[in-house]
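Peer 1: Provided below for reference: sequence and predicted model.
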Amino acid sequence: MNRPRQAGLASLALAALGVVYGDIGTSPLYTVRQVLHVSGSARPGEAEVLGIVSAIVWSLVLVVTLKYVTLVMRADNDGEGGIVALLALASRAVSRRPRLNAALVMLGLCGAALFYGDAVITPAISVMSALEGVEVARPAFAPYVVPLSLAVLAALFAAQSRGATRIGHVFGPVMLVWFGVIAAAGAWKIAATPAVLKALDPVYAFEYLRHHGGGAFVALGAIVLAVTGAEALYADMGHLGRRPIRLTWFLVVFPALASNYLGQGALLLANPDAVRNPFYLLFPQPLLYPVIALAGAATVIASQAVISGAFSMTRQAIHVGFLPRMRIRHTSSREPGQIYIAAINWMLFVAVIVGVLAFRSSTSLGAAYGIAVTGTMLITTVLAFFVVHNVWGRGWLLSLLVTAPFFVLDLAFFGSNTAKIAHGGWYPLAIAAAVFYVMTTWRRGRHLVARAIRGNQASMKDCVASMGARDIRKVDRTGVFLLSDPDGAPHAFLNNIEHNRVIHTMTVFVCVEYPNVPFIRKATRCHAERLGEGLHRVTVRFGYMEQPDLVAALEKCREEGLDIDLANASFFVSAEIIGASGEERRMSRSRTAVFAAMSRLSSDPEYLAVPVERIVALAKPVRI
């Protein structure tokens, strides 16, 4: 009886290796080398090596095992995880406190924006660090690392439009081999120098931090590279479930990572000159090329995961009103989570290529890496406090006792990474700032547009009541009008009556809602009501993890008695021509111009999967 369940669990656990653990699983490629680089250790001594390895291993224990796997993964929004889900939980819990709610929304926006900064650095540093193994095997090949990295990244982003379905089934097995190889390499060196096992004592980490002062504080900014990717455990919980992710961490990932970091420490104890690349020098010369190839595959998987995460984050942000509608294309008929957003893909590609050309090595990129990750981790801890206190109903004292230690640790990591800002950390921060500017501009602009439209909008009740008094000709077709306000009449409908003097025999007003839940039950997807002869209002709801399909949703309305002829329907959109108000300036002219540009590029009907050839847009000037 338990075999199918066990088989399903094993399959999900294998998938977790490929989907969740690519980023954190490739961190050994560069973490130890980066820590030694920033600390200026050309030939590290025993105490320094043991302290660094101890700090890395215990960071994995505290940040990943205790914070994410044990605590944060318990906070799910209808089974979904990630910072948007955490924000939705915390925001709902404090909805009756507008100022606190607004502050949490801004904090969540910062976390989402920082994710995009991380999504730029991760592919660049992962691919470059893997290909730098060529320098170890053949130093003469060093000039080719950057061109090879650019070629691999270009191929990776070009392949996004085809989706990961064809190669997705090999992600898990490849990562399983990767973890097995790095664990075996570490164990081999540990067996040769067992003294490194003293690093399992956290006292060595404390002593290293205490004795090295400011240097240790800077080193923390590199030590945190060992836990980059921890957010993926939480973000992908909805796809794979809590149990497979936890099981894989404890049985495969953590033991392999700990073994490899200890093995690099053992190598440095035996040969301090291995600081130039302690990961690849774990392997004998004949195995270098196969390991480089395997590392390349692992880093491509890690990059694929973060790019897919950016697509998913964008879709969630669109649903909750932080970004304009964009065209989203599914790349798999069986996996609803596999989507492609061309605009995001090519913006990420340009930013990644600029990063590779600007920094030109994984060591230099390491200076840029970490600030966005630690910022997101810190925000996650703050939101987790409100979930523990307001959602789970724990007292203030207990909530503080649970989250404060993680807050202090995250704050230390974040503070240490601020030292990187002048040396490259500005790059992901600049990207995050640009994303935050776009998100807040869009949210503020839509609020002002909605307020301006409501001020001059006829109510649906008055509009229906006046239908009989108008000299209007009926056409035997179906007209679907998208509503932004369920109680107001769309100006596309009013303009059609005023200028064309026609009305459709079947007129359907559709209001699309996006509640802060990941999925909507089929029974509550669609609600239809009759307003008058030939006039109907329909409310359609989509969760933030769903791909909206308005036509399919309206088909479901037939079950509620709405006899709608979608084959001959025209979809009318109330477009706005945005202009700055000459009286009260509610938003700066520059932000108004940015918002107007985004409004022109936004496409609600295409986002809702409405056929382009059946869309009719009627515009109206709006001053904000």
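Peer 2: Alright, I've got the coordinates. Numbers count the residues shown, from 1 in each chain.

Peer 1: give the contact list for Ser54.
Peer 2: Contact analysis of Ser54 by CB atoms under 8 Å, 6 or more residues apart in numbering lists Ala199, Leu200, Asp201, Pro202, Val203, Tyr204, Ala205, Tyr208. Bear in mind the C-beta positions are built from the backbone N, C-alpha and C, glycine included.

Peer 1: and with 7 Å instead?
Peer 2: Neighbour list for Ser54: Ala199, Asp201, Pro202, Tyr204, Ala205 [criterion: CB atoms under 7 Å, 6 or more residues apart in numbering].

Peer 1: from these, which would you call buried?
Peer 2: Among those, those classed as buried by 16 or more other CB atoms under 10 Å are Ala199, Tyr204, Ala205.

Peer 1: in JSON lines: those residues, plus distance to Trp346, pLDDT and secondary structure.
Peer 2: Formatted as JSON lines, those follow (distance: CB to CB, whole Å; pLDDT from 0 to 100; DSSP: H, G, I helix; E, B strand; the rest coil):
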{"residue": "Ala199", "distance to Trp346": "44", "pLDDT": "96", "secondary structure": "helix"}
{"residue": "Tyr204", "distance to Trp346": "46", "pLDDT": "95", "secondary structure": "helix"}
{"residue": "Ala205", "distance to Trp346": "42", "pLDDT": "94", "secondary structure": "helix"}
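
Peer 1: thinking again about what came up before, quick check, nearest of the contacts of Ser54 to Arg242?
Peer 2: Closest approach between those and Arg242, by CB to CB: Pro202, at 27.4 Å.

Peer 1: distance to Tyr30 added to the contacts of Ser54, as JSON lines?
Peer 2: Below are these laid out as JSON lines (distance: CB to CB, whole Å):
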{"residue": "Ala199", "distance to Tyr30": "19"}
{"residue": "Asp201", "distance to Tyr30": "25"}
{"residue": "Pro202", "distance to Tyr30": "23"}
{"residue": "Tyr204", "distance to Tyr30": "22"}
{"residue": "Ala205", "distance to Tyr30": "20"}
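
Peer 1: list the buried residues of stretch 394-401.
Peer 2: Within stretch 394-401, the residues scored as buried using 16+ other CB under 10 Å are Arg394, Ser399.

Peer 1: then it to CSV, C-alphas only?
Peer 2: Output in CSV follows, covering the C-alpha atoms of stretch 394-401 (Å, rounded to 0.1, in the frame of the first residue of the first chain):
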residue,chain,number,x,y,z
ARG,A,394,2.1,33.3,19.1
GLY,A,395,2.8,36.0,21.7
TRP,A,396,5.2,38.9,21.1
LEU,A,397,7.9,37.3,23.4
LEU,A,398,7.9,33.9,21.8
SER,A,399,7.8,35.4,18.3
LEU,A,400,10.8,37.5,19.1
LEU,A,401,12.7,34.6,20.6
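
Peer 1: now stretch 349-358: average pLDDT?
Peer 2: Throughout stretch 349-358, pLDDT has a mean value of 93.

Peer 1: buried residues in that stretch?
Peer 2: Neighbour-count burial for stretch 349-358 flags Phe349, Ala351, Val352, Ile353, Gly355, Val356 (criterion: 16+ other CB under 10 Å).

Peer 1: turn these into JSON lines, columns for secondary structure and distance to Arg276.
Peer 2: Listed next are the buried residues of stretch 349-358 as JSON lines, based on DSSP: H, G, I helix; E, B strand; the rest coil; distance: CB to CB, whole Å:
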{"residue": "Phe349", "secondary structure": "helix", "distance to Arg276": "31"}
{"residue": "Ala351", "secondary structure": "helix", "distance to Arg276": "29"}
{"residue": "Val352", "secondary structure": "helix", "distance to Arg276": "26"}
{"residue": "Ile353", "secondary structure": "helix", "distance to Arg276": "27"}
{"residue": "Gly355", "secondary structure": "helix", "distance to Arg276": "23"}
{"residue": "Val356", "secondary structure": "helix", "distance to Arg276": "21"}
